[in-house]
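Peer 1: Here is the input, now give the coordinates:
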Amino acid sequence: MKWTDVDNGTKDCPEWTSTITLDGGIPGPIHFTGGPAKKKKDAHNMAAKNALDGIGIVPHAA
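Peer 2: Okay, the predicted model is just below:
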């Protein structure tokens, strides 16, 4: 699994997008992107949620 973070915003107004790449298997690497968000962490969380939704895993509250 690999994260790719990109800030498309300006110094005063960040706009992060984050992409998770899941390696392996068939059909190959799968990409899930989250954002835009003001904080990198929020973009990570969006990407992670999209990945979980995309591969059919429903997160459960602890």
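
Peer 1: Residue 31 is in contact with residue 21, isn't it?
Peer 2: Yes. Judged on Cβ atoms under 8 Å, residue 31 makes contact with residue 21 at a distance of 5.4 Å. Where you see a C-beta, it was placed from the backbone N, CA and C, and this is true even at glycine.

Peer 1: Show me the shaky parts of this protein.
Peer 2: 57-62 (pLDDT under 70).

Peer 1: The residue nearest the centre of it in helix, strand or coil?
Peer 2: The centre of the chain sits closest to residue 47, judged by Cα atoms, centre = their mean, with a distance of 2.2 Å. Secondary structure assignment for residue 47 (DSSP: H, G, I helix; E, B strand; the rest coil): helix.

Peer 1: what ranges do the helices span in the chain?
Peer 2: Remark: helices assigned in the chain by DSSP state H are 40-54.

Peer 1: which residues in it form strands?
Peer 2: With DSSP state E applied, the chain shows strands at 2-7, 16-22, 30-37, listed in chain order.

Peer 1: Residue 53 is nearest to which of the ones you listed?
Peer 2: Closest to residue 53 of these, according to Cβ to Cβ: strand 30-37, at 8.4 Å.

Peer 1: The most far-flung residue of the chain relative to its centre and residue 5: what is the separation?
Peer 2: The centre of the chain is farthest from one residue, residue 12, which by Cα atoms, centre = their mean lies 22.6 Å away. Relative to residue 5, residue 12 is positioned 19 Å away (Cβ to Cβ, to the nearest Å).
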